[in-house]
Each structure stands twice: as structure tokens, then as C-alpha cells.
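Undergrad: Any chance you can model this:
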Amino acid sequence: TIIGLETIVECHTRNEVERAMEIVAPNVLVSNYDRVRQEYHPQQAIQLAGMFPGSGGPIICLAGGGIDDTESMKRHLAVGYDGIVIGKACMGSTQAPEFIRLVRDRTLLPAELSQWGLEGVEFDPEGFPMTGPKSDVPIPGDDGTFA
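TA: Predicted coordinates:
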């Protein structure tokens, strides 16, 4: 932008997402948390994901609200979001460094392939399948990992 600022349009409902698409908002955040009613809707962002052009497109699409473990993060990314916004998983949590390490160390399946039954396959940075799981990278359920 001219003054070096980017905006994010935060949406909570289908109507709000439609309006954001109409005005071609460059960055959209779909929140699972309704700030007006003070209610949490854990599937809201996942249910609205199909309204966006594909991941990596001209509109950056983010999901947020209650995404506090790696499985939830993967579910949101798998339906096409370009990224997630996290709060409680890192803010004030003693397990924040481990959560961040798990997020950074996991090679995630591209959204375009997420429904192909490849959830257990690890990919290298070039996008090629790896022959086995990464070594020394804990997964949810391992003793001492972020739950």
C-alpha cells in the first residue's frame, strides 16, 4: 500500500464473507468467535472456507478463534486457508514454545490435496513425498507434547 499498511477484514458470518469478496478485500480473517454475541462456533471458519478462491490466491484468507492445537490448525489449513491466527495457544501459555515448534516442524499437506487420503504422508520442502515420518518431531499424543 502507499503508506505501508495492510488491512484485514474480520468476518463471522456468510453475509460478511460475501461482502468481503464483493469489495475484493485483500486479507480476510474468518473468526470462529462471534464478538457481538460472545459465542464460540468451532466449525464456523471450516464451514465458510469454500467461499474463497483457492489457497495462495489474490486474497489472503486466514482463520482464527479457538485454534489452539496442531490438529485444529491442520483442519483449518486443509480446507484452504492460507494461514491461521492464534492467541491463547501462545499468549500466556507455558507450552507456547513447544506449540510453535510443532507448527513450524510439521510439513503440511497442500490444501489442494487434502481430500485425497494423504493425511499420513509427509512432504519435503520441495513438495515430494518423504519415505517415512520426520525423525525427532513429536506428534499430538506423544508424551510431553502440546495437547
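Undergrad: Quick one: residues contacting the residue lying closest to residue 36 once chain neighbours are set aside.
TA: Leaving aside its chain neighbours, residue 36 sits nearest to residue 12 (7.8 Å; criterion: Cβ to Cβ, 6 or more residues apart in numbering). Where you see a C-beta, it was placed from the backbone N, CA and C, and this is true even at glycine. By Cβ atoms under 8 Å, 6 or more residues apart in numbering, residue 12 lies in contact with 30, 31, 33, 34, 35, 36, 44.
Undergrad: try it again with 7 Å
TA: Neighbouring residues of residue 12 by Cβ atoms under 7 Å, 6 or more residues apart in numbering: 31, 34, 44.
Undergrad: do the same with residue 2
TA: Listed by Cβ under 7 Å, 6+ apart, residue 2 has no contact partners.
Undergrad: which residue ranges form the helices in this protein?
TA: Applying DSSP state H to the chain gives helices spanning 14-22, 44-48, 70-78, 96-105.
Undergrad: CSV please, covering these and showing mean pLDDT.
TA: Formatted as CSV, these follow (pLDDT from 0 to 100):
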stretch, mean pLDDT
helix 14-22, 92
helix 44-48, 92
helix 70-78, 82
helix 96-105, 75
